[in-house]
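Undergrad: missing the sequence, but the structure's below:
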């Protein structure tokens, strides 16, 4: 797997097929790469006579490593952990929004959505932060009020 350059690596626990999950995220984040994939057989132990197996993958997307563990349905994603995709413009917002909500993903409000695995993402144009942090209360208020009215963030409506 090589050197570990990242101090903290998010680990995503999924039910099955770490390779398919890795391929899914790599299909959305085009600059990504699969860094490692492994399948392990559990040895028989005192808790189970059926050894079973699990898989791991490591992907790098947007310069950040993610570890994927496919080890059964024990844990599910929830909104307590999510990722923000900072987008340069509306076209990039549209691309990530469509990609992440396709195939069983869900639209949320205020730029939030879930992908088909249930992982939460907020897809945000970077200019949005300038608007909500503006020193002009009219600009700030308009951006905030319109944020609450939207699912996918539409930058032209926030200005």
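TA: In hand now; what should we look at? This is a predicted model, so every value here is computed, not measured.
Undergrad: how deep is the spatially closest residue to residue 89 that is not a sequence neighbour tucked in, by neighbour count?
TA: Of all residues beyond its chain neighbours, the one nearest residue 89 is residue 125 (6.4 Å), with distances taken as C-beta to C-beta, 6 or more residues apart in numbering. Just so you know, the C-beta spots here come from the backbone N, C-alpha and C atoms, and that holds for glycine as well. The tally of other residues near residue 125 (other C-beta atoms under 10 Å) stands at 22.
Undergrad: And residue 17, by the same measure?
TA: Residues near residue 17, counting by other C-beta under 10 Å, number 14.
Undergrad: That one contacts residue 56, correct?
TA: No. Using C-beta atoms under 8 Å, residue 17 is not in contact with residue 56, being 11.7 Å away.
Undergrad: Give me the common contacts of these two.
TA: residue 70 (C-beta atoms under 8 Å, 6 or more residues apart in numbering).
Undergrad: Where does residue 54 sit: helix, strand or coil?
TA: Recorded secondary structure, residue 54: strand (DSSP: H, G, I helix; E, B strand; the rest coil).
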